[in-house]
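Here is a sequence together with a model predicted from it:
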Amino acid sequence: MRDALALAGHRTAIEHLLTPVALDPSRWLGVHRCVRCGRHWAEDSITSGHADLFFVYPVHTADPRAWLAAAHPLQPDHLA
């Protein structure tokens, strides 16, 4: 959870630089591209049951749609 909070703060700081490339609203996952450097960022979320916490992390891919199709949402136990 601590890591997710840090990543959520990072998302807030850079979200104005990110543009969506591939989105999967059914799983609350997405891949965005930085308009400055071109790097890809995955967007994910966890829920506390009361609120959703969205965060981003860098991914290395030449095919954002294929990366998204194969991706699995992170679970809270992975972020402990």
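Noted; the coordinates are in hand.

name the helices or strands packed onto the longest helix anywhere in the chain?
Ranked by residue count and defined by DSSP state H, the top helix of the chain is helix 2-14. Counting contacts by 3 or more CB pairs under 8 Å, 6 or more residues apart in numbering; DSSP states H and E, helix 2-14 packs against strand 40-47, strand 52-59. No exception for glycine: its C-beta is placed from N, CA and C like everyone else's.

Using CSV, write out every CA atom in the first one.
Written as CSV, here are the backbone C-alpha positions of strand 40-47 (Å, rounded to 0.1, in the frame of the first residue of the first chain):
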residue,chain,number,x,y,z
HIS,A,40,5.2,4.4,-21.8
TRP,A,41,3.5,4.3,-18.4
ALA,A,42,1.0,1.8,-17.2
GLU,A,43,-2.0,3.1,-15.2
ASP,A,44,-3.5,0.8,-12.7
SER,A,45,-5.6,1.1,-9.5
ILE,A,46,-6.4,-0.5,-6.2
THR,A,47,-9.4,0.0,-4.1
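
Give me the distance from it to the chain's centre.
A distance of 2 Å separates the centroid of the chain from that of strand 40-47, by CA atoms, centre = their mean, to the nearest Å.

what's the angle between that strand and helix 2-14?
On the basis of axes from the mean of the first three to the mean of the last three CA atoms, to 10 degrees, strand 40-47 is oriented at 130 degrees to helix 2-14.

Which positions within strand 40-47 qualify as buried?
Residues 40-46 are the ones in strand 40-47 that count as buried (16 or more other CB atoms under 10 Å).

can I get those residues in a markdown table with distance to residue 15 and pLDDT?
Output for the buried residues of strand 40-47, formatted as a markdown table (distance: CB to CB, whole Å; pLDDT from 0 to 100):
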| residue | distance to residue 15 | pLDDT |
| --- | --- | --- |
| 40 | 14 | 97 |
| 41 | 10 | 95 |
| 42 | 13 | 93 |
| 43 | 9 | 92 |
| 44 | 14 | 89 |
| 45 | 13 | 84 |
| 46 | 17 | 80 |
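
out of those, who's nearest residue 32?
Sorting the buried residues of strand 40-47 by distance to residue 32 puts residue 41 at the head of the list, at 4.8 Å, by CB to CB.
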